[in-house]
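**Student:** need the 3D shape of this:
(2 chains)
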Amino acid sequence: EDQVTQSPEALRLQEGESSSLNCSYTVSGLRGLFWYRQDPGKGPEFLFTLYSAGEEKEKERLKATLTKKESFLHITAPKPEDSATYLCAVQVSTGNQFYFGTGTSLTVIP
Amino acid sequence: SAVISQKPSRDICQRGTSLTIQCQVDSQVTMMFWYRQQPGQSLTLIATANQGSEATYESGFVIDKFPISRPNLTFSTLTVSNMSPEDSSIYLCSVAPGANEQFFGPGTRLTVL
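**Tutor:** Numbering: from 1, shown residues only, chains lettered A, B, ... in the order given. As a prediction, this is how the structure comes out:
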């Protein structure tokens, strides 16, 4: 069964305290792994797509990496405006479906 | 990218009534999706709506409860029928303009009393 698990469920960081969020997946075949940011009351905002193990992508303080079993979203020197829920999703190669994890709620304290 | 709008942004409805949610995209897209996000949970795909064909529903979702229209390449509606409090959720539409990308609307927050 295709499955996506994110950890931790919630994370509180001091401003400037770097950390990583984890997304582990079990799928029959991976077409792509996606990271989204979701602010309260809004739809998910697309951040990155990763396609193959070893791939990395960066955007400002965020860096996403991918292995055969999991992806990490590294947050370097976070700021309060980085506070949000971060969702990961996988698209399986057998169809067009996206399977979402339950997200990590990040709070960055000034 | 794609800019997506949804109407209404939120609503409070009585049990047994129906609500139709509209999704408008600023460009033509073949694939549109409808998701549900219940409080504290992740996104669950309800159905895929392609223009010119019947919507494809995921396990646990049926057309009688969630009828979908897709009259053209920029618009879709999702109706939540005969609502109960368990239908209280955020409903999101999304589009996949490319093979490996997906963009979301702002969501419709539904509360059923």
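
**Student:** rest of the way, CA atoms for contacts and neighbours
**Tutor:** Will do.

**Student:** help me confirm that B:Thr48 is found in a strand?
**Tutor:** Yes - the assignment for B:Thr48 (DSSP: H, G, I helix; E, B strand; the rest coil) places it in a strand.

**Student:** now it. Nearest residue, chain neighbours left out?
**Tutor:** Counting by C-alpha to C-alpha, 6 or more residues apart in numbering or on different chains, B:Phe33 is the residue found nearest to B:Thr48 once chain neighbours are left out, at 4.6 Å.

**Student:** kindly report the same for A:Gln6.
**Tutor:** In this structure, A:Gln6 finds its nearest non-sequential neighbour in A:Cys23, 4.4 Å apart by C-alpha to C-alpha, 6+ apart.

**Student:** quick one: that neighbour from B:Leu78, how far?
**Tutor:** 30 Å (C-alpha to C-alpha, to the nearest Å).

**Student:** tally up the residues packed near B:Ile63, please.
**Tutor:** B:Ile63 sits with 16 neighbouring residues when counted by other C-alpha atoms under 10 Å in any protein chain shown.

**Student:** tell me who's in contact with the residue lying closest to it once chain neighbours are set aside.
**Tutor:** Spatial nearest neighbour of B:Ile63, chain neighbours left out: B:Tyr57 (7.3 Å); criterion: C-alpha to C-alpha, 6+ apart. The neighbourhood of B:Tyr57, defined by C-alpha atoms under 8 Å, 6 or more residues apart in numbering or on different chains, consists of B:Ile46, B:Ala47, B:Thr48, B:Ile63.

**Student:** how about the residue nearest to B:Thr48, secondary structure?
**Tutor:** The three-state label for B:Phe33, taken from three-state DSSP, comes out as strand.

**Student:** partner residues bridging it?
**Tutor:** According to DSSP bridges, the partner residues bridging B:Phe33 are B:Thr48, B:Ser94.

**Student:** next, the contact list for the closest residue to B:Lys7 other than its chain neighbours, please.
**Tutor:** The spatially closest residue to B:Lys7, leaving aside those adjacent along the chain, is B:Gln22, at 5.1 Å (C-alpha to C-alpha, 6+ apart). Listed by C-alpha under 8 Å, 6+ apart, the contact partners of B:Gln22 are B:Gln6, B:Lys7, B:Pro8, B:Phe75, B:Ser76, B:Thr77, B:Leu78.

**Student:** same thing but at 10 Å, please
**Tutor:** Each residue near B:Gln22 by C-alpha atoms under 10 Å, 6 or more residues apart in numbering or on different chains is listed here: B:5-9, B:68-69, B:75-79, B:93, B:108.

**Student:** out of those residues, which is most surrounded?
**Tutor:** Among the contacts of B:Gln22, where neighbours are counted by other C-alpha under 10 Å, the top count belongs to B:Cys93, at 32 neighbours.

**Student:** which residues does that one contact?
**Tutor:** Contact criterion C-alpha under 10 Å, 6+ apart gives A:43, B:4-6, B:21-25, B:32-36, B:45-49, B:76-78, B:103-108 as the residues in contact with B:Cys93.

**Student:** that's all I had, so thanks and see you.
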